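A.B. asks: give me the fold of what follows.
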Amino acid sequence: MCCASCGIAEVDDVKLQKCDACDLVRYCSDKCHEDNRPTHERACKERATELRDEILFKQPESSYLGDCPICFLPISVEFFVQSCCSKMICDGCSYANARRETKQRQTCPFCRHPVPRSKEEIDKNNNKRVAANDPIALMQMGMDYHKKGENEAAVDHLTKAAELGFVEANFKLAFFYEKGLGVEEDEKKALYHYEEAAIGGHCDARYAVVFHEMQNNRSERAIKHLIIAANLGHDHSIKVLKMFYSGGRISKDQFASTLRAYQAAVDATKSPQREAAAIIMAAEGNS
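C.D. replies: Predicted structure coming up:
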C-alpha cells in the first residue's frame, strides 16, 4: 500500500490515511492529498456517489420509529412522545395504560413517573431533557422555537438533534433548508437531510426524495425509493407503485413481492389495543 501522490510505502513510521470521500486511495500527508487532487478528483466523485447510493438504497430493517418499548411491536403512524422520559409509546399501550390507571394522576407507562400536566411542569421537564442532550426533546424545543418565529434557534436545536442520530430532526431540517427558514435556502442541503432521514428509515423523507428524482427524470431511482418505503408499510408509496404497475413501469413480480412486504409490515403494527385506541381517537375526532 503506497501513497497515491509520492509513492512512499506504508511502514512502521509512515502511516497512510485513506481518502475520506471514496476510500480508493491512501496518502501520507495532507500535502500529498492536495497535490493529487486534480488527478484523483473525478474518480473520487464517481466512487463517492457509488458509496452514497449503496447506503441510500439499502433496505432499512425497520422504520425510524422502531418498536414500542412496552409491547415491542413496530410503532405505526399513531404514537405518543412521553413528556417525562421522551419515550415514543404506541397509541395502543397509551390507551391500555389509561384504562388500567386508577390513580387521580396518570403515570407514564414506561418510566412510571407522574405525567406532567401543566405547561410549567412540561416546560421544566423539557428543559431537563434538553440539558441532558435528549435528541427528541431537542427537536421538540426546536419546533417550539419555530412556532414562535425564532427559526435560527430552531435550526440550532434541530441540527443538534440530527447530529445525535434522531432522523426526524433531519426530516424537519430538510424543510427548513427547502423554505429558507432560519438559514439560506439551499436545495442541496435540503436533499441531503431528506436522504439522511430516508437512510434512517423515515418513509416520508424517502417519499420526498422520490419527487426530486422524478423532477430530474430519474424514474428508475424513484421506483427503487418507492419500493423501499412500501416495504416498510408506507401507504403513499404503495399507491404510487400501483399506478406505476398499471402504467407498465414495473413488472407484475416486482409489484406482487412489494405488496406482500407492505402488507406484512402493516400487519406487524396491529394489535387489539391499537385497534381500540383508533376507535376512541376516531370518535373523539368526530365529536
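A.B. asks: low-confidence stretches in the protein?
C.D. replies: Scanning the chain for pLDDT under 70 picks out 12, 102-105, 285-287.
A.B. asks: ranges for the helices of it?
C.D. replies: Secondary structure of the chain (DSSP state H): helices located at 30-35, 37-56, 91-100, 119-131, 135-147, 151-163, 167-179, 187-199, 203-215, 219-231, 235-246, 252-268, 272-286.
A.B. asks: right, and Pro109 touches Gly92 too?
C.D. replies: No. Contact between Pro109 and Gly92 fails when scored by Cβ atoms under 8 Å: they sit 10.4 Å apart. Any C-beta I mention is one placed from the backbone N, CA and C, and that applies to glycine too.
A.B. asks: how deep is the spatially closest residue to Gly182 that is not a sequence neighbour tucked in, by neighbour count?
C.D. replies: Distances taken as Cβ to Cβ, 6 or more residues apart in numbering place Asn151 nearest to Gly182, at 3.0 Å, with adjacent residues excluded. Residues lying near Asn151 (other Cβ atoms under 10 Å) number 18.
A.B. asks: for the helices of the chain, which one sits closest to His113?
C.D. replies: The closest of the helices of the chain to His113 is helix 119-131. By Cβ to Cβ, the value is 9.3 Å.
A.B. asks: what lies in contact with the closest one?
C.D. replies: 83-84, 86, 116, 136-138, 140-141, 157 (Cβ atoms under 8 Å, 6 or more residues apart in numbering).
A.B. asks: I'd like those laid out as TSV, including neighbour count.
C.D. replies: TSV is the format used below for the contacts of helix 119-131 (neighbours: other Cβ atoms under 10 Å):
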residue	neighbour count
Ser83	19
Cys84	20
Ser86	21
Pro116	17
Ile136	21
Ala137	24
Leu138	26
Gln140	22
Met141	23
His157	24
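A.B. asks: and which of these is nearest to Ile223?
C.D. replies: Nearest member of those to Ile223, counting by Cβ to Cβ, is Ile136, at 32.7 Å.
A.B. asks: for Gly201, give its distance to Ser257.
C.D. replies: 20 Å (Cβ to Cβ, to the nearest Å).
A.B. asks: and what of Ile89?
C.D. replies: With distances taken as Cβ to Cβ, Ile89 is found 32 Å from Ser257.
A.B. asks: phi, psi of Asn133?
C.D. replies: For Asn133, the backbone dihedrals are phi 60, psi 40 (criterion: degrees, to the nearest 10).
A.B. asks: how much space separates the residue nearest to Gly182 from Asn126?
C.D. replies: 19 Å.
A.B. asks: nearest residue to Ala98 other than its sequence neighbours?
C.D. replies: Leaving out its chain neighbours, the residue that sits closest to Ala98 by Cβ to Cβ, 6+ apart is Gln106, at 6.4 Å.
A.B. asks: sorry, that was for Gly180
C.D. replies: Spatial nearest neighbour of Gly180, excluding adjacent residues (Cβ to Cβ, 6+ apart): Asp186 at 7.9 Å.
A.B. asks: that neighbour: neighbouring residues, count only.
C.D. replies: 14.
A.B. asks: wait, it touches Phe175, no?
C.D. replies: No. Judged on Cβ under 8 Å, Asp186 makes no contact with Phe175 at a distance of 12.0 Å.
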